[in-house]
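> generate coordinates for the sequence data below:
(one chain, ligands or ions: 2)
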Amino acid sequence: MLLRMSTLFLRTLREDPADAEVPSHKLLVRAGYVRRVAPGIYSWLPLGKIVLENITRVVREEMNRIGAQEVLFPALLPRDYYEATGRWTEYGDTLFRLKDRKGADYLLGPTHEEMFTDMVKGEYSSYKDYPVTLYQIQTKYRDEARPRAGILRGREFVMKDSYSFDLDDDGLKHSYETHREAYIRIFDRLGIDYRIVFAMSGAMGGSASEEFLAPCATGEDTFVACHNCGYAANAEAVVTPAPPAVTTGHPALEVLDTPDTPTIESLVNYVNEHHGLRITAADTLKNVVVKVRTPGSDKAETLIIGVPGDREVDFKRLEAAVSPGVPEIFEAEDFVRHPGLVRGYIGPQVLKSLGIRYLVDPRVVDGSAWVTGANEPGKHAAHVVAGRDFEADGTIEAADVRAGDSCPRCGHPLSIDRGIEIGHIFQLGRKYADAAGLDALGPDGKPIRITMGSYGVGVSRAVAVLAEQRHDELGLVWPREVAPADVHIVGTGKENQIDVATQLAEELESRGLRVLVDDRAGVSPGVKFKDSELLGLPTVLIVGRGLAQGVVELRDRVTGTKEEIPLAEALDRVLAACQA
Ligand code: ATP
Ligand code: MG
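Ligands and ions are numbered 1, 2, ... in the order given. This is a model prediction of the structure:
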C-alpha cells in the first residue's frame, strides 16, 4: 500500500521532547514513530508500527527456520504458576501485580518460563515427543525501577521469548547452539552492530548464558573484551582472578592513630607520612556496608563488602551478585542501630563477634595483608592479615571492573565498553521442570526430567537500538530491511512535480518496492527535505525544480551522496538502489 504523506497519520516535531535524553528517544518521537503515554509506556504511530512489524517478521522467519513453533500466551496470568517457582515473591517490585473482582491475585507476565513448562507438560508425555522448541512474540510487563530512554527500557515492551525442551544435556547444548546461530542471523539481518558476551560467571568454562549486546555510548550494560584471546563478558559476569598470597613474614597487627582520615586518599597520605608505611590505595581494605532485602518481605540483612581501597563497589555487579536479594543503601539511621559499626573506621576484625556477614573481593586472599579500619574513631590498623586477623564468610564479585584489568582467561589487559542488551540465550537446566514436575516417559518406562533453555530478543528495544546506532545530526537512518519503506519520493514545487512524484511512486510500488511519497501541497521544499532526513528512509528521490529540464535527484541517506539523473532513468535507478 502506497504511503502518502498527504494523508499519512504523521506529525513531525522540530523540537526534542523535554523528557528525552538519548538520541533514539528524541528522534523516534520527533519523527513521529512513537508517542509517550506514561513513564516507560509508549504508543506506536503508523511508521513506527511498520518498523516494529519488520523486525518482528525477521525474528519470526529466523525462529521458524530453526524449527521453533509459534504460540501465544496471555499477558494476564494467575498467581499460582509463579507461586510454584517462587518467582511471585522473588520478582519483587518489578512484577505488576493485580487482583480480579473476586480478590484473586494476578500478574502481568514479565517472562513466561512457568507457562511454557506447564503447556508442554499438558500436551507431551513420551520421550518420543521431544525435543521441542516453542516461542512467542508478545507484550511483556516489568515495573522497571528506572524506565529509561523511551522504548529502550519500557515497562511495557515486546519480546520474543523461546524455550527449548530436551531429554538430556547434549540436547540442550544443541538447542542452545541453534538459537545462538539464529540470533546471529537475526541481528545481522537487522543491521545491528553487536557483540556476544558471557552473561554469568559460571560461563567461564562453557557458555551456559550469553548476551547479545549492541555497543552504544548510552547503553546501561558494561562489558569487557580481551583483544588477545577473544574473551568478552558483561561486567556483571567478570570473574576476578585471585592473586597469589604472601603467607609468611607479616608483622603483627598494629593499631595506628589516623586522625582526620575520612577518605582513602587522606588515609594513605597520613600513614605514609606519619607511620613510615609505603602503601597505595590498593593496599587498603575498604569496607562498604549495605542492606540486602529479601523480595516480598521487609527483612533486610546487613552485609559488609571488603574491596581494595582503589576500587568502588559497583552497584550493578552487587545487584547481580546478591540476586534475588535487593541491595539497599545503609543509611545513617541504620548506623544508629548498629553501634558496633564505627562509620569511616570499619575493619573486619570485629565482624564475627558482631554477627555481621562479611564478603570480600577475590583479591582479598588468605595471607594478604591490609591497612583497614580499627573500629575506633580516628584509628586504623596495619598488617591486618586475611585468615589470621579476620575471616570472611566468602567472596563476592562486586568491585568495579576497569579498562586494563587482567583478562581472567589469558591475563592480557581488558578493554571496557558500554552496550544495550538486545538478546539473551540461557541454558536454564531443570529448575522449571523440577518445579512443575515435567517428565517424559522413557523407553524403559522410567521418567526422564526435561532440561530447558530460554532465549529472549528485545523486539521493541531493537527499534530504539537501531535508532541509537544509526542516526546523524539530521535524523534517523534505517537499514533497508527494517525501514518503513524502501524509498521516499519527494515532490516539491508548484508545477506538476507532485503528479510526477506520485506517478513514479505508483509505478515503483507496482514493481514491488515499498514507497512513501511526499505529495503534500503547500508545504515548502525545505520542510519536505527536513522531514525526509528526519524519517530516515534509505533511498530518497527528489522531484523538484529540475523537472523542467527533465532531471530528478537521487539521494542515498546512508552515504549522503546526491546525484542528478534523467527522469527517464529514475525508475531503473531507484530499483537498482533499493535492490543493491
Ligand atoms: P536488562 O538487563 O536490560 O534489564 P534483562 O536481562 O532483564 O534485561 P531478559 O529477561 O533477558 O532481560 O529479557 C530478554 C530481552 O528482552 C533482553 O535481552 C532485552 O532485549 C529485552 N528487554 C528486557 N527488559 C526490557 C525492557 N524493560 N524494555 C525493553 N526491552 C527489554
Ligand atoms: Mg538478560
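
> list the buried ones in stretch 311-320?
In terms of neighbour count (16 or more other CB atoms under 10 Å), stretch 311-320 has its buried residues at 311, 313-314, 317-320. C-betas here are computed from N, CA, C, even on glycine.

> just the closest of these to Gly92, please.
Gly92 lies nearest to Glu319 out of the buried residues of stretch 311-320, by CB to CB, at 11.3 Å.

> now the residue nearest to that closest one when sequence neighbours are not counted, which residues is it bridged with?
In this structure, Glu319 finds its nearest non-sequential neighbour in Pro327, 5.9 Å apart by CB to CB, 6 or more residues apart in numbering. Here Pro327 sits in beta bridges with Val292, going by DSSP bridges.

> I figured Pro327 was touching Val288, is that so?
No - checked against CB atoms under 8 Å, the pair Pro327 and Val288 is beyond contact range at 10.2 Å.

> neighbour count winner among the two?
Shown here are Pro327 and Val288; by other CB atoms under 10 Å, Pro327 has more neighbours (20 against 17).

> any idea how far Tyr82 lies from ligand 1?
As for Tyr82, its distance to ligand 1 is 14 Å (criterion: CB to the nearest ligand atom, to the nearest Å).

> run through who's touching whichever strand or helix holds that residue.
Using DSSP states H and E, the element containing Tyr82 is helix 79-84. Contacts to helix 79-84, defined as CB atoms under 8 Å, 6 or more residues apart in numbering, come from residues 88, 91, 95, 104-107, 114-115, 118, 435-436.

> in helices, which of these appear?
Assignment to helices by DSSP state H places the following of the contacts of helix 79-84 there: 88, 114-115, 118, 435-436.

> how about the residues of the stretch 101-250 of the chain by ligand 1?
111, 142, 144, 153-154, 157, 159 (CB under 6 Å from any ligand atom).

> typo on my end, the chain
If contacts are counted using CB under 6 Å from any ligand atom, the residues of the chain sitting beside ligand 1 are 111, 142, 144, 153-154, 157, 159, 421-424, 456, 458, 460-461.

> for the buried residues of stretch 311-320, could you give me a markdown table that also reports pLDDT and secondary structure?
Listed next are those as a markdown table, based on pLDDT from 0 to 100; DSSP: H, G, I helix; E, B strand; the rest coil:
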| residue | pLDDT | secondary structure |
| --- | --- | --- |
| Arg311 | 95 | coil |
| Val313 | 95 | strand |
| Asp314 | 93 | coil |
| Arg317 | 92 | helix |
| Leu318 | 93 | helix |
| Glu319 | 89 | helix |
| Ala320 | 86 | helix |
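
> give me the number of residues near Ala548?
Counted with other CB under 10 Å, residues neighbouring Ala548 total 11.

> which ones are touching the nearest residue to Arg317 once chain neighbours are set aside?
The spatial neighbour of Arg317 that comes closest, neighbours along the chain excluded (CB to CB, 6+ apart), is Ala398 at 5.0 Å. Going by CB under 8 Å, 6+ apart, Ala398 touches 305, 307, 313-314, 317-318, 321, 359, 361.

> tell me the two of these that are most distant?
Asp314 and Leu359 (14.1 Å).

> what residue ranges in the protein score low on pLDDT?
Filtered on pLDDT under 70, the chain yields the residue ranges 201-207.

> pull the longest strand from it.
Selection of the longest strand in the chain by residue count, based on DSSP state E, yields strand 415-429.

> show me what that strand is packed against.
Using 3 or more CB pairs under 8 Å, 6 or more residues apart in numbering; DSSP states H and E as the contact criterion, the elements in contact with strand 415-429 are helix 169-190, strand 209-215, strand 221-225, strand 451-458, helix 459-469.

> kind regards, and thank you for your time.
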